[in-house]
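J.: When you get a sec, could you give me coordinates for this:
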Amino acid sequence: MRLDEITRAAFQEAVRIYLEEAYGKEGAPPEVRKRLKWPKGATLKALASGPGAPGFERSPADVPLRQCDHIRVRLGNRGYPHMKLSADRVPETDEWVLTVDCHDRDIVGRAPAEQREVLEALFRVNAEVKGRIERRWTEAGLPTFENFIRRRLGTQGG
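T.: Next comes the predicted model:
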């Protein structure tokens, strides 16, 4: 799906599912909810390119939106504040898919050996949360990589 085809409603549905899986019934903390106050815009492209585009992180950060490969919102989870909802460009296409970026693997190399077991437990929890979110997005018909592949192969879900 092109970036201008991901509607605000679809993106908000992705956020809702993410927050349910990441925080459960207690809901997201106030600092996360602040990142969800977006400017007017009918599509993810409009939201992420609007004035200030609060809460959105682009990668690379210093290029126009049309040259970005990732648009992320740091939403975290109960035990790890750095996990992000990410819209990623599928390489060599103009298609975008929603993913969860756990943003945790880069810390292993810097961690002392005695902390690695704790980190591995964190990675397992993050991977479980990521899996639940992305599975629900796929089931909801949101633009996930699995749905992208199914469309390319001409197959249906299930």
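J.: Look at L47 and say how many residues are nearby.
T.: 22 (other C-beta atoms under 10 Å). For the C-beta atoms, the positions are set from N, CA and C on the backbone; glycine is no exception.
J.: quick one: the strands in this structure?
T.: In the chain, the segments counted as strands under DSSP state E are 56-59, 70-74, 84-89, 96-101.
J.: And for this protein, the residue most distant from the center?
T.: E114 (30.6 Å; C-alpha atoms, centre = their mean).
J.: Tell me who's in contact with that one.
T.: By C-beta atoms under 8 Å, 6 or more residues apart in numbering, no residues touch E114.
J.: Make 730 the first number, not 1, from now on.
T.: Will do, 730 is the new start, and the previous item becomes E843.
J.: what pLDDT does it get?
T.: For E843, the model assigns a pLDDT of 79.
J.: what about stretch 869-876, start to end distance?
T.: 10 Å (C-alpha to C-alpha, to the nearest Å).
J.: what's next to that stretch, contact-wise?
T.: Stretch 869-876 is contacted by residues 730, 735, 739, 742-743, 746, 819, 824-828, 863, 866-867, 886 when judged by C-beta under 8 Å, 6+ apart.
J.: Now the buried members of these.
T.: 730, 735, 739, 742-743, 746, 819, 824-828, 863, 866-867 (16 or more other C-beta atoms under 10 Å).
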